[in-house]
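Asker: here is a sequence together with a model predicted from it:
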Amino acid sequence: MKKCLYLLALIFLVSSCTEDVKFNNPAFQTLKNNDFWRARNYEAHIESNGNLIIEGSLGYEKVTLQTQSPQAKTYVLGVDEASKAMFSDTFPERLSEFSTGVDSGSGQIVITEYDVVNKTISGTFKFNAVNADEEDIENPTISFTEGVFYKVPVSEGSVLIE
């Protein structure tokens, strides 16, 4: 009788297990100061001058990546204004803005695939950006590592980036 109960319990246990698989397709995620950060909204635009803008946002927070083109290659950050990365938090109590630029910050954006047919872009990124508020000595920089954008929809249009 005990063997039957054990067998029944085992069958019940095995049959009640399910595997819930959730795919991140498309996706925009990273580690922000070593904490997992996943964008709820994401989009990409190609400006009339050829620049690619990729944006991911979560609530009041937004990460913006800019490259000179959607061409698959590595774009180095902190060298010029053509390729740069920005983070902004518009929540009133945490209002802040960080960016890379000429001799400011560092990092890279690697575009691994630009699918012209399906109009999606994929790649990786990492960057250290400098706070625009130099008086904020508690948060002089912000760090994003292990960033991934995967099959983010690309539209043609003009989006201004400052």
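Answerer: Yep, it's here.

Asker: how about residue 25, what does it touch?
Answerer: Neighbouring residues of residue 25 by CB atoms under 8 Å, 6 or more residues apart in numbering: 150-151. Just so you know, the C-beta spots here come from the backbone N, C-alpha and C atoms, and that holds for glycine as well.

Asker: hmm, I typed the wrong one, I wanted residue 102.
Answerer: 78-81.

Asker: could you flag which of those are buried?
Answerer: For those, a neighbour count by 16 or more other CB atoms under 10 Å gives the buried set as 78-79.

Asker: kindly indicate which of the contacts of residue 102 lies nearest residue 47.
Answerer: residue 81 (13.5 Å; CB to CB).

Asker: can you check what pLDDT the model gives that closest one?
Answerer: Looking at residue 81, its pLDDT stands at 92.

Asker: three-state assignment of it?
Answerer: Using DSSP: H, G, I helix; E, B strand; the rest coil, the three-state assignment for residue 81 comes out as coil.

Asker: how about it, phi and psi?
Answerer: Note on residue 81: backbone dihedrals following degrees, to the nearest 10 are phi -90, psi -10.

Asker: distance check, it against residue 100.
Answerer: 9 Å (CB to CB, to the nearest Å).

Asker: contacting residues around the closest residue to residue 30 other than its chain neighbours?
Answerer: Excluding the flanking residues, the one nearest residue 30 by CB to CB, 6 or more residues apart in numbering is residue 147, at 3.6 Å. For residue 147, the contacting residues are 29-31, 63, 124-127, by CB under 8 Å, 6+ apart.

Asker: appreciated, that's everything.
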